[in-house]
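1. how would this look folded up:
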Amino acid sequence: MKLPTLFLCSAVLCSAAWASASQTEEKDCMETAQTQAEMNQCAASKARAAERELNQLYKALQKQYQDDPAFLKALKNAQRAWVQFRDAEIDLKYPKHPENPIFYGSILPFCVNSYYEELIRARIATLKEWQTGVEEGDVCAGSIRSTEDIGKGRAKSE
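-> Numbers count the residues shown, from 1 in each chain. Have a look, this model is predicted:
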């Protein structure tokens with residue numbers, strides 16, 4: 001009889017502790033935004049955070065591949081091209097209408113920043129492949145080092 005009661009009390013205590021911890025976690029700003037201006041500000045903040053994460057990843061890749069000048073040059077060129085692509089994608093989704101500057105309404109900053117963040121998150125996912133590596137034996141990996149080489153901190157050609 002004491003064992004089931006002990007389990008029940010443990011479950012109740014664990015549930016209460018989990019609920020308390022969940023309440024103290026930081027809420028997403030979209031959960032608390034109540035006005036369009038707050039939503040716009042939140043989307044801009046999230047886009048800036050994604051951009052900071054991308055910049056940190058880019059710098060980490062530069063350091064990780066510092067012994068490979070051909071890769072570094074290609075990375076720089078690819079990133080410049082991606083920035084142009086990103087900007088063109090945003091212009092494609094939300095083309096400017098000079099005859100009607102409020103064509104998309106007050107939600108436009110929110111939409112643009114949300115799409116901007118989405119594009120950046122996709123870029124981060126792509127570049128992380130170079131950071132984390134691929135399994136040994138992937139014959140099409142190109143400049144992406146194996147997870148084994150990355151773990152040992154060595155270049156692909158060693």
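2. which residues touch the one helix or strand residue 125 maps to?
-> Assigned by DSSP states H and E, residue 125 belongs to helix 108-132. Contact with helix 108-132 is made by 36, 39-40, 43-44, 46-47, 50-51, 53-54, 57-58, 60-61, 64-65, 75, 82, 86, 89-90, 93-94, 104, 143-145, 147, 150, as judged by Cβ atoms under 8 Å, 6 or more residues apart in numbering. All C-beta spots, glycine's among them, are computed from the backbone N, C-alpha and C.
3. ditto for stretch 45-58
-> 29, 75, 79, 113-114, 116-117, 120-121, 123-124, 127-128, 131.
4. could you rerun that using 10 Å?
-> If you take Cβ atoms under 10 Å, 6 or more residues apart in numbering as the criterion, stretch 45-58 is touched by 28-30, 75-76, 79, 82, 112-121, 123-124, 127-128, 130-131.
5. list the buried ones in the helix holding residue 125?
-> By neighbour count with 16 or more other Cβ atoms under 10 Å, helix 108-132 contains the buried residues 109-117, 119-120, 123-124, 127, 130.
6. show me how far the helix or strand just after that helix is from its chain's centre.
-> Using DSSP H and E, the helix or strand that follows helix 108-132 in sequence is helix 147-152. Centre-to-centre, helix 147-152 and its host chain are 23 Å apart (Cα atoms, centre = their mean, to the nearest Å).
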